[in-house]
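[1] fold the following.
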Amino acid sequence: MATDLSICAPAIEGDCRQWEDAKAPLSAARTAVGALRLNRFEAGVFQLVVGPNNDVCDKMEDELGTAIEEADKIVEALTKSLAAYRNNEAETSDLIAGTFS
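    Here you go, the predicted model:
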């Protein structure tokens, strides 16, 4: 007996939108972190914190960049899964029914 996978498509589309929407705040945060960098002149009497502050900014920018790239990969994987469901729903249904029954 084939399992109806029609509920999967809207759920996967919703997940894709959620991950796409997550990229804008990540990008904005990355830009904001970059603005927190200091130079020795701006730091004034707090010049000892310039190096550590900028190191943290670099690390946060790298991590946020990685998060944006990973969100892209997740969207791509979900999109491929959605295409598989749509193109091979009957075959996939039989496979799932046979695997989990």
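[2] which helix or strand contains the residue positioned nearest the centre of the chain?
    Closest residue to the average C-alpha location of the chain: Ala71 at 1.9 Å, with CA atoms, centre = their mean. Using DSSP states H and E, the element containing Ala71 is helix 50-87.
[3] of all the residues in that helix, which ones are buried?
    50, 57, 60-61, 64, 67-68, 71, 74-75, 78, 81-82, 85 (16 or more other CB atoms under 10 Å). Heads up, the C-betas are built off the backbone N, CA and C, glycines and all.
[4] pLDDT (mean, whole number) over that helix?
    Taken as a whole, helix 50-87 carries a mean pLDDT of 93.
[5] and that helix, what does it pack onto?
    helix 8-34 (3 or more CB pairs under 8 Å, 6 or more residues apart in numbering; DSSP states H and E).
[6] now the helix it packs on against helix 50-87, angle please.
    Angular relation of helix 8-34 and helix 50-87 on a 0 to 180 degree scale: 170 degrees, by axes from the mean of the first three to the mean of the last three CA atoms, to 10 degrees.
[7] could you dump the helix or strand just after helix 8-34 to PDB, C-alpha only?
    As assigned by DSSP H and E, the chain's next helix or strand after helix 8-34 is helix 40-43. Only the C-alpha atoms of helix 40-43 are listed here, as PDB (Å, rounded to 0.1, in the frame of the first residue of the first chain):
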ATOM      1  CA  ARG A  40      44.200  52.200  17.600                       C
ATOM      2  CA  PHE A  41      43.100  55.800  17.100                       C
ATOM      3  CA  GLU A  42      39.400  55.000  17.700                       C
ATOM      4  CA  ALA A  43      40.300  52.900  20.800                       C
END
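[8] ok, and what's touching helix 40-43?
    47, 49-50 (CB atoms under 8 Å, 6 or more residues apart in numbering).
[9] mind running it again at 6 Å?
    47, 50 (CB atoms under 6 Å, 6 or more residues apart in numbering).
[10] from Arg86, how far off is the residue nearest to the centre of the chain?
    From Ala71 across to Arg86, the span is 22 Å (CB to CB, to the nearest Å).
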